[in-house]
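K.L.:
Could you work out the structure for the sequence below:
(chains A, B and C)
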Amino acid sequence: MKKTSKVLTLAVAALMAVSAFAGCGNGGSSSASGESSGSSQAQAGSFDTSKEITVVTREQGSGTRDAFVELTGVLVEDGDTKTDNTTASAVTVNGTEAVITNVKGNDAAIGYISLGSLNDTVKAVDIDGVEVTADNVKSGEYKISRPFNIAYKGELEGVAKDFVDFIMSADGQAVVAEEGYVTVTEGEVFKSANPSGKISVAGSSSVSPVMEKLIEAYKAINSGADIELQTTDSSAGMTAAMEGTCEIGMASRELKDEEASALESMTIANDGIAVIVNTNNTVEDLTLDQVKSIYTGETTVWSDVIK
Amino acid sequence: MQGVFFLTAITSIAAVALICIFLFYNGVPAIAEIGFFDFVGGQQWAPTNQPPSYGIFCMIVGSIYVTAGAIIIGVPIGILTAVFLARFCPAPLYKIIKPATELLAGIPSIVYGFFGLMVVVPFIRDTFGGNGSSLLAASVVLGIMILPTIIGVSESAIRAVPEPYYEGSLALGATRERSVFRVMLPASKSGILAGVVLGIGRAIGETMAVILIAGNQVQIPTSLTEGVRTLTANIVLEMGYSTGLHRQALIATGVVLFVFILLITLSMQAIKSRSEKNG
Amino acid sequence: MDDKEIKEIAAINKITFAQRMREYKRKPLSLVMFILVVLAAALSVLALVFLIVYILVMGVPNLTPDLFAWEYNSDNVSCMPAIINTVVITLLTLVIAVPFGIGAAIYLSEYAKRGNKLVKVIRTMAETLSGIPSIVYGLFGMLCFVTAFSWGYSILAGAFTLAIMVLPTIMRTTEEALIAVPDSYREGSFGLGAGKLRTVVKTVLPSAMPGILAGVILAIGRIVGETAALIYTAGSTTGLVDGVMDSGRTLAIHMYMLANEGLHTNQAWGTAVVLLVLVLGINTLSSFIAKKLSSKK
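P.N.:
Predicted coordinates for the structure are as follows:
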């Protein structure tokens, strides 16, 4: 009895030690593979083009998805009917990070994210030969883009007015540009009226990262203002603005008719939607039609779109 | 004073009633508008289409598949581990393993989700093909998540069996293992079953972990490496962006989930009262 | 028999390793079962250890002083305000839930008659409550507190939702602790002329305190890790809350938002470590109290 239990203890202890090492080893190797992916990209041909494409999409109703399917033609409008033809086998996730993580970890994946969230762990492909940059979005050469809107009820006053003035000023637009989004106006140098008070801004999670920066920059100028940022989503932001629970609502899409009739709105920035693939993928350029046929499930393997 | 205590005691009844009222009041009209059979039996979920379709049959099947997968993985391992902890584990090791399982029960599900996305999903993609975010990934991660529940409840059920049962069996010449599996386990059957039911409840209600690793495709999977969408995932994915009937349909999805959980709880009550009668 | 004799008898009955092997040879199925048990246990432990080590490896390097700065801004994404919000929301939830939970437990164990139909209903309802998934609580909290009571996204709405969620936990553990108090305590108190209420408050409750505390700590653990129930009730603003009607994110939501925005994955892992340490601390505290309880007996 005693002997067995001793043997047992040893065995399990050894197992635990091994597992602990495995844990460390894995943690280390995963970061190592992240580094090596850059070099393996150089040796072309290491990417297996016969792989089936893993399509990653956002959830139904997401501002990013709405804009993407409309601009790529995945959404088919026929009179009163609108049909989102995104393939049923598309992986559906509800956040930018989840899209990036899926694409980063999967050689054969394709996804789309906001230009401001693009980082070098994934590769953005050119659409119709145009690289996705703020300049190309601004000039209209890059096709897949959408507005960031803010909306409010009636007349703005006090802090809210001053803050919106700031956003549309040269200083505010500089923040927009710095975050990788596309400016909408030249603007003038901002002069604060220095009102004090508290307002709340609510809405789209796509807009909130840049809004957060705008609020910080504004507070540095006018310390008397207190601005609360509530990250929910476009529809909730518009509803909150209509109900008066927040002063300014944010939407990462065009306003719907019933929203537009109840609210004043303006575009504070434009955002390109970058189509991203794994860094190992050899594809550099896709046409809008190819993107569409991938997302509708007509094209299923990479060799169909890689020459 | 007794009145005050009585009032506090019926808060739980009031709470369940409130939850029922609010969920049903907001969810049932949507089910009526969509049509009960179109809602529960429909295989199309396209709320942003014109005209929209709201069928959650794929999600119901998804929830059942994922839960079944978690049970298949979690229950045997959980019960055997409970046996180990209760009967075979040396005391020093027990002092490490037991707090570790308790710690795991306390880890927020979002952490499990990210772990699954970073480790389990790539592993499945490389080993079994497909894109990794799949029924299998969700089952494995949920199987791990329900382990602490099943281990904890089963272990205390096994420990609750009177020691003379075990000794009596040994005295009759049975090996330790035979005594445990033929005498102790049958005697603690109802306790272990309660643990399994608790595990089912946790698996079916789990949200934040599943959403990251199940792929969330609206389809009935035909293989383990295909993606599924569960009822919970459906709610969290789209709740934020929804308006009007779409939002109500999501609340109605919550109603369906709630009814599922009620059924599970009631069957657990039935198990309990039956075992009380027998014992 | 003294201890020495017992030990000798035990020693005679001990089976040696060789004997065990012979036995396994005769009954190979037993050996198979034994191996299965050990394998399963090893697998569980492996999964658990791997998970914890992985979180630590990913998170610990990201535990920078910036992560604990007093002010949150989008550069340091400090989790300090979230930690304080978590404490605030936890206290608020406990203030609501603990009186109700303990009151209900007192009614069930001290006042209600055995076999009372209502008691059965209350128990069933409490068990139903504990089985409801947190996302359903989240929906309910949003429909009831946020919309119908028009509290808006606020930590009050979050705390009420959580209070209903942890009520059954507190109720159950308190009731168990009360039942564990020996009847002789009550009889002694009655014998000295104390009334029912006095007996309950002055005698039974104090001796059941460690058990009640353990239940409260269990509830805290659940509050700290909650995401789905809070995301639609307490909201997700980043700053410190300045009142119960203000919205604020707890640590778990903070981590979810960080991870979802996609800009701060490293900090998300760091936050995961903070959460892990919190849960570990809460567990240690609860087992410490439980130990105190059993040593008293």
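K.L.:
what about the helix or strand where B:Ala32 lies and chain C, any contact?
P.N.:
Assigned by DSSP states H and E, B:Ala32 belongs to helix B:11-34. Yes: interface with chain C: helix B:11-34 contributes B:11-13, B:15-16, B:18-19, B:22-23, B:26 (C-beta under 8 Å from any C-beta of the partner chain). In short, each C-beta sits where N, CA and C put it, glycine included.
K.L.:
Could you identify the buried members of those residues?
P.N.:
B:11-13, B:15-16, B:19, B:22-23, B:26 (16 or more other C-beta atoms under 10 Å in any protein chain shown).
K.L.:
and of the residues you listed, the nearest to chain A?
P.N.:
Chain A has its nearest neighbour among these in B:Asn26, at 15.5 Å by C-beta to the nearest C-beta.
K.L.:
Which strand or helix spans the residue nearest to the closest one when sequence neighbours are not counted?
P.N.:
By the measure of C-beta to C-beta, 6 or more residues apart in numbering or on different chains, the closest residue to B:Asn26 outside its immediate chain neighbours is B:Ile251, 4.7 Å from it. In this assignment (DSSP H and E), B:Ile251 forms part of helix B:244-278.
K.L.:
What residues sit buried inside that helix?
P.N.:
Buried residues in helix B:244-278, counting neighbours by 16+ other C-beta under 10 Å, are found at B:245-258, B:260-261, B:264-265, B:268-269, B:271-272.
K.L.:
follow-up on the earlier one: closest to A:Gly105 out of the buried ones among the residues of helix B:11-34 next to chain C?
P.N.:
Distance to A:Gly105 across these (C-beta to C-beta) is lowest for B:Leu23, with 37.2 Å.
K.L.:
contacting residues for the residue of the stretch 1-150 of chain C found nearest chain B?
P.N.:
The minimum distance from the stretch 1-150 of chain C to chain B, using C-beta to the nearest C-beta, falls at C:Pro133 (2.5 Å). By C-beta atoms under 8 Å, 6 or more residues apart in numbering or on different chains, the contact set of C:Pro133 is B:201, B:204-207, B:232, B:257, B:261, C:228.
K.L.:
And the residue in the stretch 101-250 of chain A that chain C sits nearest to, how far from A:Ile227?
P.N.:
Proximity of the stretch 101-250 of chain A to chain C (C-beta to the nearest C-beta) peaks at A:Glu212, 4.6 Å away. Look at A:Glu212 and A:Ile227: by C-beta to C-beta, to the nearest Å, they are 10 Å apart.
K.L.:
One more: A:Asn149?
P.N.:
Separation of A:Asn149 from A:Ile227 (C-beta to C-beta): 18 Å.
K.L.:
Repeat that for A:Ser89.
P.N.:
Counting by C-beta to C-beta, the gap from A:Ser89 to A:Ile227 is 43 Å.
K.L.:
Looking at these two, which has the bigger crowd around it?
P.N.:
A:Ile227 (23 against 19; other C-beta atoms under 10 Å in any protein chain shown).
K.L.:
Show me what the helix holding B:Ile251 is packed against.
P.N.:
Contacts defined by 3 or more C-beta pairs under 8 Å, 6 or more residues apart in numbering or on different chains; DSSP states H and E place helix B:244-278 against helix B:11-34, helix B:36-41, strand B:53-54, helix B:57-83, helix B:189-205, helix B:231-239, helix C:117-131, helix C:134-141.
K.L.:
After the last one, which helix or strand is next?
P.N.:
Towards the C-terminus, the helix or strand next in line after helix C:134-141, according to DSSP H and E, is helix C:155-180.
K.L.:
And chain A, is that next one touching that?
P.N.:
No: Helix C:155-180 is not in contact with chain A by C-beta under 8 Å from any C-beta; minimum separation 12.8 Å.
K.L.:
which strands and helices sit next to that helix?
P.N.:
helix B:11-34, helix C:80-106, helix C:117-131, helix C:134-141, helix C:205-225, helix C:228-231.
K.L.:
JSON lines for those helices, including mean pLDDT?
P.N.:
Below are those laid out as JSON lines (pLDDT from 0 to 100):
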{"stretch": "helix B:11-34", "mean pLDDT": "91"}
{"stretch": "helix C:80-106", "mean pLDDT": "91"}
{"stretch": "helix C:117-131", "mean pLDDT": "85"}
{"stretch": "helix C:134-141", "mean pLDDT": "90"}
{"stretch": "helix C:205-225", "mean pLDDT": "85"}
{"stretch": "helix C:228-231", "mean pLDDT": "86"}
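K.L.:
Same list, the ones you listed, but as JSON lines with distance to B:Leu172 please.
P.N.:
Shown next, in JSON lines, are the helices and strands packed on helix C:155-180 (distance: least, C-beta to C-beta, whole Å):
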{"stretch": "helix B:11-34", "distance to B:Leu172": "47"}
{"stretch": "helix C:80-106", "distance to B:Leu172": "44"}
{"stretch": "helix C:117-131", "distance to B:Leu172": "39"}
{"stretch": "helix C:134-141", "distance to B:Leu172": "48"}
{"stretch": "helix C:205-225", "distance to B:Leu172": "39"}
{"stretch": "helix C:228-231", "distance to B:Leu172": "51"}
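K.L.:
Identify whichever of those lies nearest to C:Phe68.
P.N.:
helix C:80-106 (5.3 Å).
K.L.:
three-state assignment of the residue lying closest to A:Asp120 once chain neighbours are set aside?
P.N.:
In space, and not counting its chain neighbours, A:Asp120 is closest to A:Thr279: 8.0 Å by C-beta to C-beta, 6+ apart. Here A:Thr279 is recorded as coil under DSSP: H, G, I helix; E, B strand; the rest coil.
K.L.:
isn't A:Thr279 right up against A:Asn119?
P.N.:
No: contact between A:Thr279 and A:Asn119 fails when scored by C-beta atoms under 8 Å: they sit 11.1 Å apart.
K.L.:
who in the stretch 151-279 of chain B is up against chain A?
P.N.:
So the stretch 151-279 of chain B meets chain A at B:211-212, B:215-219, B:226-227, B:229, B:236-238, B:240-243, B:246 (C-beta under 8 Å from any C-beta).
K.L.:
Just the buried residues from these, in PyMOL please.
P.N.:
In PyMOL, this line selects whichever of these come out buried by 16+ other C-beta under 10 Å:
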select buried, chain B and resi 211+212+215+216+217+218+219+226+227+229+236+237+238+240+241+242+243+246
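K.L.:
tell me the contacts of A:Ala217?
P.N.:
Counting by C-beta under 8 Å, 6+ apart, A:Ala217 has contacts A:166, A:171-172, A:175.
K.L.:
Using TSV, please lay out those together with neighbour count and pLDDT.
P.N.:
Output for the contacts of A:Ala217, formatted as TSV (neighbours: other C-beta atoms under 10 Å in any protein chain shown; pLDDT from 0 to 100):
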residue	neighbour count	pLDDT
A:Phe166	23	91
A:Asp171	19	89
A:Gly172	23	90
A:Val175	22	90
